[in-house]
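Undergrad: Fold the following.
(2 chains)
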There are 2 protein chains.
Amino acid sequence: MDYVPKKFSPYRLKASDLQVRFCTNETQATREVFVAKLQRMGFDICVSEVFSPAPAAVAVLKERGLRPHLLVYDGVVPEFDSVEKDNPNCVVIGDAAEKFSYQNLNDAFRVLIGLEKPVLFSLGRGKYYKEDEGLNLDVGVYMKALEYACDVEAEVVVFLHQYACDVEAEVIGKPDPMFFQKVLDDMGIQSHQTLMIGDDLVNDVGGAQHCGMKGVQVRTGKYRPSDEKHPTVTADGYVDNLAEAVETILKLRGQ
Amino acid sequence: MDYVPKKFSPYRLKASDLQVRFCTNETQATREVFVAKLQRMGFDICVSEVFSPAPAAVAVLKERGLRPHLLVYDGVVPEFDSVEKDNPNCVVIGDAAEKFSYQNLNDAFRVLIGLEKPVLFSLGRGKYYKEDEGLNLDVGVYMKALEYACDVEAEVVVFLHQYACDVEAEVIGKPDPMFFQKVLDDMGIQSHQTLMIGDDLVNDVGGAQHCGMKGVQVRTGKYRPSDEKHPTVTADGYVDNLAEAVETILKLRGQ
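TA: Next comes the predicted model:
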């Protein structure tokens, strides 16, 4: 792994006695594709270390014997390979982008309205995100559309830092502890033994703190200088980048 | 007008000393097209007697000096011919059907989010309607989507009977009296002098009653037998069809 640039050095954490997991709101690609991309960037990372909404949804679907009608991006469909999909009794929507056509949304709606009790899962509640060509609507917007059409409330399958676009009250009130707990369970540790590193103050840092973890904000990505004067969320620490976080953690542990 | 089938006989009302107006939730065609269709069916009806959401929106836009970005069905675009549309400072959505593509919705969203104070008009709040191929999502669903995306609340340009799909509390609380009042103003009469005939118990009949009119339900279209035992709305009368309503009205007036 000599080619790994030092600044992308979570592998140094893994070489220590610490456990590392990666939480992402990626719903347009499988974890395999996501991991391959990060590996190309020099990350020592494998699929089993990644927690994303689609596999979390698959677990819920299997647990409840649900057969989804999928309205998701083609790239993430393989995550649902192991799930029975004939004669659907629920709908799962992700960030389907251009697949959010009138026809496809009608199709999803018809499945829902045909059910005695419509069940809708949304792989996130984001409002919009930025692409090169401008702002694009995200899955949360289409979730609201179907919720209104069917008089249902979607079950949102997300990790904390997906609440990125919600008002603060909802972030504090609604982070679904189930998914955070899954990550903790996977590591076999408790929240007070865990440090979350993220670029979103309210949702990564504040959300983690709300669950009993420490939360450190990196001054990259979504970070804004005003975050350091936020009225309700104060990070346990700030670092300029992920590498600095890793160095600091290892130093504090005398490693 | 000998070809006019007797059952479509509002022209007999017009031949009396009564005034007649037609309120429609049609947002896919101009009033001209709508009127031509009804004329072919034998109705004695002209454009000035028809009240629909698009011209009502045009009046509001002009009054407030607003230049709309339109996301409406092609057929209704001519209603907006007289409105300045360059450099838009608001968005108007109607039942755009297949024009509700991801791209078009992104375009409308980008206009809204680019405004200091996003202004969104929706030509209705319907959830869905029935076509030959099944249920189709209606404009209200896309209104909710954009409302959520932009943290705005749309101004809804509708007539009472467009609240068809809302829960009752919203119908009672929210019918916009402005539009009903416009129809009354046009006739130069007051609500207690007016009778509303419609097929939707809660929204046509209940809505009209809420505004001080009498409300009669026709046992056609949206009518369901259970309407006659509705817990909160009781029509002032029921008729089997529009012809019976006309006959009854004329008989009561000794005509």
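
Undergrad: what's the burial count for A:Tyr148?
TA: The number of residues packed near A:Tyr148 is 22, by other Cβ atoms under 10 Å in any protein chain shown. Bear in mind the C-beta positions are built from the backbone N, C-alpha and C, glycine included.

Undergrad: how about the residues of chain A near chain B?
TA: Within reach of chain B by Cβ under 8 Å from any Cβ of the partner chain, chain A has these residues: A:97-103, A:105-106, A:109-110, A:113, A:127-128, A:134-137, A:140-142, A:144-149, A:151.

Undergrad: can you give me the strands in the stretch 1-150 of chain A?
TA: Remark: strands assigned in the stretch 1-150 of chain A by DSSP state E, counting those that start in this stretch are A:22-23, A:50-51, A:68-71, A:90-93, A:120-122, A:128-131, A:134-137.

Undergrad: hey, which of the ones you listed is tucked in deepest?
TA: Highest mean neighbour count among the strands of the stretch 1-150 of chain A (mean count of other Cβ atoms under 10 Å in any protein chain shown): strand A:90-93, with a mean of 26.

Undergrad: picking that back up, just send the strands of the stretch 1-150 of chain A back as CSV, with distance to B:Leu38 too.
TA: Listed next are the strands of the stretch 1-150 of chain A as CSV, based on distance: least, Cβ to Cβ, whole Å:
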stretch, distance to B:Leu38
strand A:22-23, 59
strand A:50-51, 59
strand A:68-71, 38
strand A:90-93, 38
strand A:120-122, 39
strand A:128-131, 42
strand A:134-137, 38
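
Undergrad: which stretch among the ones you listed comes nearest B:Asn203?
TA: Smallest distance to B:Asn203 across the strands of the stretch 1-150 of chain A (Cβ to Cβ): 26.0 Å, for strand A:120-122.

Undergrad: Just give the closest residue to A:Met143, not the sequence neighbours.
TA: Nearest residue to A:Met143 in three dimensions, chain neighbours excluded: A:Ser122, at 3.9 Å (Cβ to Cβ, 6 or more residues apart in numbering or on different chains).

Undergrad: these two touch, right, that neighbour and A:Glu153?
TA: No - contact criterion Cβ atoms under 8 Å: A:Ser122 and A:Glu153 do not qualify, at 9.9 Å.

Undergrad: Does A:Gly94 touch A:Gln28 like I think?
TA: Yes - counting by Cβ under 8 Å, A:Gln28 is a contact partner of A:Gly94 at 7.4 Å.

Undergrad: Looking at these two, which one has more neighbours?
TA: A:Gly94 (30 against 18).

Undergrad: how about the residue nearest to A:Thr24 when sequence neighbours are not counted, what does it touch?
TA: For A:Thr24, ignoring the flanking residues on the chain, the nearest one in space by Cβ to Cβ, 6+ apart is A:Ser52 at 5.0 Å. Residues in contact with A:Ser52, defined by Cβ atoms under 8 Å, 6 or more residues apart in numbering or on different chains, are A:23-27, A:31, A:34, A:159.

Undergrad: Most neighbours among those, which one?
TA: A:Thr27 (27 neighbours).

Undergrad: Beta-bridge partners for A:Gly215, please?
TA: Beta-bridge pairing of A:Gly215 under DSSP bridges involves A:Met196.

Undergrad: how about low-confidence regions in chain A?
TA: A:1-11, A:157-180, A:255 (pLDDT under 70).

Undergrad: From the residues of chain A next to chain B, which land in helices?
TA: Using DSSP state H, the subset of the residues of chain A next to chain B located in helices is A:102-103, A:105-106, A:109-110, A:113, A:140-142, A:144-149.

Undergrad: Now the buried members of those.
TA: Listed as buried from these are A:102, A:105-106, A:109-110, A:113, A:140-142, A:144-149; burial here means 16 or more other Cβ atoms under 10 Å in any protein chain shown.

Undergrad: right, and out of the contacts of A:Ser52, which lies closest to B:Arg219?
TA: A:Thr27 (48.4 Å).

Undergrad: Could I get the contacting residues of that closest one?
TA: A:52-54, A:72-73, A:76, A:94-95, A:123-124, A:139.

Undergrad: These in helices, which ones?
TA: A:53-54, A:139.

Undergrad: Select from those the one having the most neighbours.
TA: Most surrounded of the ones in helices among the contacts of A:Thr27: other Cβ under 10 Å gives A:Val139, at 31 neighbours.

Undergrad: if I pick that residue, what's in contact with it?
TA: Contacts for A:Val139 (Cβ under 8 Å, 6+ apart) come out as A:27, A:93-96, A:122-126.

Undergrad: And the furthest pair within the residues you listed?
TA: Spanning the widest gap among the contacts of A:Val139 are A:Ala96 and A:Arg125, at 14.6 Å by Cβ to Cβ.

Undergrad: all helices of the stretch 151-255 of chain A, in order?
TA: A:168-173, A:177-187, A:207-210, A:242-252 (DSSP state H, counting those that start in this stretch).
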